[in-house]
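**Q** Just a sequence and a predicted model for now, questions to come.
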Amino acid sequence: MAWTDDALPDYLAELGVPGIVDAHSHFMPKPVMDKVWAYFESGGEKVGREWPITYRFSEDERVATLQKLGVTRFTSLCYAHRPDMAAWLTQWALDFAQHHPQAIPSGTFFPEPGVREYTAAAIESGVRVFKLHLQVVDIDPRDERLTPVWGLLCDTGIPVVVHCGSGPVAGRFTGFEPMAAVVRDFPDLPLIVAHMGMPEVAEYVGLAETYDRVRLDTTMVDTKYLPQDHHLDRAVLPRVRELALDGRVLFGSDFPNIPYQYAEQVEALARWDLGDDCMRAVLFENGEALFGA
Ligand SMILES: [Zn+2]
């Protein structure tokens, strides 16, 4: 029987956590969100299949939904797909976080002139996490215009969520090597590998084992909606448990842009059967340690 959203608060209470910290959720300016939804629902080429949005609600309703589910903190990840957009998106996300204290101030950047300056300004203004999407945006993380930004993130410890794996559809700069090359150059980079790097999960688990500041987010991993070849190789689970207990696996959902109920993501993790201590770490403790006040 599938878990439902209604049952989630009781599950969290039983597990003994105050709620969920969601490291990978999306809030964006309405015109941007509307475009993203239209793209998903048309099953665009970078989506790979039909993708109905379960939580296609107004912004207020989406915030209220997370609260009802027991989510105590969440990111509002945006990404720019062209120049001259990132600073504006970041400002929007900062304003959003001002109005919603549960929102973790989020930002983004783009390989363009001035990127170091506006990223430094964003950190000054309180941004606690950035987002970069190598697939949808088609950027190379080794682009030399990003070099000073990687250095800045190393120095400040502010993490960046990067969609760098080649799922669901590969891009020119996705896969393991482009992002791994950046981490080798910047061994202190606080990287959060979105979707655990699907389908290159084993490689990215290895990267996290080598570099202490590399983390993985669970977004969409092992949900039933994914094609079979994207499912996790069970052999990697003991290593995932070790990383989770070391603070390096974070819960992420992709809310609201998911074609299933939020609880499905929690159920997918519970199916790994890694123990309640591991579930507490992933659902709450690791995210709270990283993003908590
Ligand atoms: Zn996402």
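**A** Right, received. Where do you want to start?
**Q** tally of neighbours for residue 113?
**A** Here the number of neighbours of residue 113 (other Cβ atoms under 10 Å) works out to 9. For every residue, glycine as well, the C-beta is placed using N, CA and C.
**Q** do the one 10 residues further on as well
**A** When neighbours are defined as other Cβ under 10 Å, residue 123 has 19 of them.
**Q** how much space between it and residue 24?
**A** Going from residue 123 to residue 24 by Cβ to Cβ, to the nearest Å gives 20 Å.
**Q** Angles on the backbone of residue 129, please.
**A** Residue 129 adopts backbone torsions of phi -160, psi 140, taken as degrees, to the nearest 10.
**Q** And the pLDDT at it?
**A** Note on residue 129: pLDDT of 98.
**Q** Test my guess that it contacts residue 106.
**A** Yes: under the criterion of Cβ atoms under 8 Å, residue 129 makes contact with residue 106 at 5.3 Å.
**Q** what do those two both touch?
**A** 75, 77 (Cβ atoms under 8 Å, 6 or more residues apart in numbering).
**Q** where in the stretch 1-150 of the chain is pLDDT low?
**A** Counting by pLDDT under 70, the stretch 1-150 of the chain has low-confidence residues at 1, 44-48.
**Q** Helices of that one, start to end?
**A** 8-15, 30-41, 59-69, 86-99, 115-124, 147-156 (DSSP state H, counting those that start in this stretch).
**Q** How far off centre is the shortest one?
**A** Right, the one you point to is helix 8-15. 23 Å (Cα atoms, centre = their mean, to the nearest Å).
**Q** ok, now the second one?
**A** Offset of helix 30-41 from its chain centre (Cα atoms, centre = their mean): 18 Å.
**Q** ok, and what's touching it?
**A** 26-28, 46-47, 50-53, 56, 59, 78, 89, 257.
**Q** Return a selection command, for use in ChimeraX, containing the buried ones of those.
**A** Restricted to buried positions by 16 or more other Cβ atoms under 10 Å, the ChimeraX selection for the contacts of helix 30-41 reads:
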select :26,27,28,47,51,53,59,78,89,257
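**Q** ok, residue 95 - contacts?
**A** If a contact means Cβ under 8 Å, 6+ apart, then residue 95 has no contacts.
**Q** How about residue 106?
**A** By Cβ under 8 Å, 6+ apart, residue 106 lies in contact with 75-78, 90, 93, 97, 127-131.
**Q** ok, now with 7 Å
**A** By Cβ atoms under 7 Å, 6 or more residues apart in numbering, the contact set of residue 106 is 75-78, 93, 127, 129, 131.
**Q** quick one: the strands in the stretch 101-250 of the chain?
**A** 103-104, 106-108, 129-133, 160-163, 191-193, 215-217, 249-250 (DSSP state E, counting those that start in this stretch).
**Q** Which among those is found nearest to residue 224?
**A** strand 215-217 (18.7 Å; Cβ to Cβ).
**Q** what's in contact with that closest one?
**A** 23-24, 161, 191-197, 204, 208, 243, 248-250, 252.
**Q** ok so, going back, columns distance to residue 264 on top of the helices of the stretch 1-150 of the chain, output as JSON lines?
**A** Shown next, in JSON lines, are the helices of the stretch 1-150 of the chain (distance: least, Cβ to Cβ, whole Å):
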{"stretch": "helix 8-15", "distance to residue 264": "10"}
{"stretch": "helix 30-41", "distance to residue 264": "17"}
{"stretch": "helix 59-69", "distance to residue 264": "12"}
{"stretch": "helix 86-99", "distance to residue 264": "26"}
{"stretch": "helix 115-124", "distance to residue 264": "33"}
{"stretch": "helix 147-156", "distance to residue 264": "32"}
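**Q** closest to residue 279 out of those?
**A** Across those, closest to residue 279 is helix 8-15 (Cβ to Cβ), at 5.9 Å.
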